[in-house]
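Novice: sequence unknown, structure follows:
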């Protein structure tokens, strides 16, 4: 069976990109990364792609007069590579509604919190300030509203009494590195469908909940 | 060492009351239930208290002209029994600010959701509608605003593809029955302090996060 053709958008170090690269390196994995796109020429994630022999493109947002034209350039490189699913992995530009709607249900993101709690930035600081005992990550289909959209996978970790934003971030990152490949696998295997804005996962699939007691 | 004197407020079947009764039945448990109060004479939870030899009081809210006088009657029976900590366990009356403030940091509640997500009623239906992959319960100190207040323990369970509100409620209830006794133990052992509206748990304590992979 043909593997799902995936494009990954990055802006920085690309640690989630690496988790996806590692998953796709398994011959039995049902998806392959055919393109990595960065809006920053200096993104470390580009080196990870090179090391894995994956084609890369740099689309510098500063080269475009507005978001619509930047988004159109992204769209063009993704279509040129016959990308079927786009994964955001630390991509730090907001995408416009036209792009998001054109890729509806074929565009996913990972957010470092258990949505619907803690949308937006600085999630680890905010989770500590709120005193929650559980924190984690969410992989979801992207919608025009930030950090909205049908949830595909969530992964939870404990918050410990001595946590700082840094120690908590590291624990969440470990579960992110399991959650994103799992979400990609579920989609590539055709086990996820969106109905009334909920992502329903085939009941026979491996669970779409990750509980990481030790991080 | 003297055991912490606990009063439990109920309105109905009292399944969380039973979990607390069972925990306190252990001779080494650091708390004892000295009074169960119901605002409903027909509450099944009263029979659970009788079966365990625990004194009960019925304070029917309909007998009082307003909330302030009902709250004052509750306060009186709790003080008469020298209660040191009040646990709400399916108590279906809203308590006024005067009562809540009088018992500040000595009044706890269990809410069937992972706060700050899903405050209020019908949490299981709402969690299913939102498509979250994790749901659970929160034990917290009570504040005048509903379902606010420093978090003591949270327990998480997976949401499964075939879940109905009923199957999800049952899975959450199982972790509630672990979370509430754990919170009571942590408080009774003096391991919880509230600082800047966060409940800090002694780092040497057993964790205050419960992850129930199988419910």
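Specialist: Sure, I can see it. Not measured: the values here are computed from a predicted model.
Novice: if you look at the biggest helix by length in chain A, does any of it touch chain B?
Specialist: The longest helix of chain A (DSSP state H) is helix A:165-188. No: using Cβ under 8 Å from any Cβ of the partner chain, helix A:165-188 stays clear of chain B, coming no nearer than 9.4 Å. (Glycine included, C-beta is placed from N, CA and C.)
Novice: and that helix, how far from the chain's centre?
Specialist: How far helix A:165-188 lies from its chain's middle: 9 Å, per Cα atoms, centre = their mean, to the nearest Å.
Novice: now the strands: where do they sit in chain A?
Specialist: With strands called from DSSP state E, chain A shows them at A:4-10, A:31-38, A:56-58, A:85-88, A:107-111, A:134-141, A:151-158, A:192-195, A:198-201, A:209-211.
Novice: So for the longest helix of chain A, what gets flagged as buried?
Specialist: Residues A:168-169, A:171-188 are the ones in helix A:165-188 that count as buried (16 or more other Cβ atoms under 10 Å in any protein chain shown).
Novice: Might you list the low-confidence residue ranges for chain A?
Specialist: A:213-215 (pLDDT under 70).
Novice: Quick one: name the residues of it near chain B.
Specialist: A:114-117, A:129-134, A:136, A:138, A:150-151, A:153-154, A:156, A:158-162, A:197-203, A:205, A:207-209, A:211-213.
Novice: how does chain A divide up, domain by domain?
Specialist: A:1-103, A:109-215 (automatic domain parsing).
Novice: most packed of those?
Specialist: domain A:109-215 (a mean of 20; mean count of other Cβ atoms under 10 Å in any protein chain shown).
Novice: Give me the distance between it and the centre of its chain.
Specialist: So, by Cα atoms, centre = their mean, the centroid of domain A:109-215 is 10 Å from its chain's centroid.
Novice: again with stretch A:70-85
Specialist: Going by Cα atoms, centre = their mean, where stretch A:70-85 is centred and where its chain is centred differ by 17 Å.
Novice: With stretch A:38-54 instead?
Specialist: For stretch A:38-54, the distance to the chain centre is 16 Å (Cα atoms, centre = their mean).
Novice: Endpoints of stretch A:26-39, how far apart?
Specialist: 28 Å (Cα to Cα, to the nearest Å).
Novice: List the contacts of residue A:78.
Specialist: Applying Cβ atoms under 8 Å, 6 or more residues apart in numbering or on different chains to residue A:78 gives the contacts A:7, A:35, A:37, A:86.
Novice: give me every residue that touches residue A:132.
Specialist: A:117, A:159, B:114, B:115, B:116, B:151, B:154.
Novice: Now residue A:187: closest residue in space that isn't a chain neighbour?
Specialist: The shortest distance from residue A:187 to any non-neighbouring residue, by Cβ to Cβ, 6 or more residues apart in numbering or on different chains, is to residue A:85 (6.4 Å).
Novice: how near is residue A:120 to residue A:179?
Specialist: For residue A:120, the distance to residue A:179 equals 19 Å [Cβ to Cβ, to the nearest Å].
Novice: go on, residue A:136?
Specialist: Residue A:136 sits 8 Å away from residue A:179, going by Cβ to Cβ.
Novice: Spell out which residues are contacts of both of those two.
Specialist: Contacts common to residue A:136 and residue A:179, judged by Cβ under 8 Å, 6+ apart, are A:154, A:155, A:210.
Novice: Go ahead and confirm the second one touches residue A:173.
Specialist: In this case it means residue A:155. No: using Cβ atoms under 8 Å, residue A:155 makes no contact with residue A:173, being 10.4 Å away.
Novice: Now do stretch A:4-24: distance to the chain's middle.
Specialist: Stretch A:4-24 sits 8 Å away from the centroid of its parent chain (Cα atoms, centre = their mean).
Novice: what's the span of that stretch, first residue to last?
Specialist: Distance between the two ends of stretch A:4-24: 10 Å, counting by Cα to Cα.
Novice: Residue A:162 against residue B:203, yeah?
Specialist: Yes: using Cβ under 8 Å, residue A:162 is in contact with residue B:203, at 5.3 Å.
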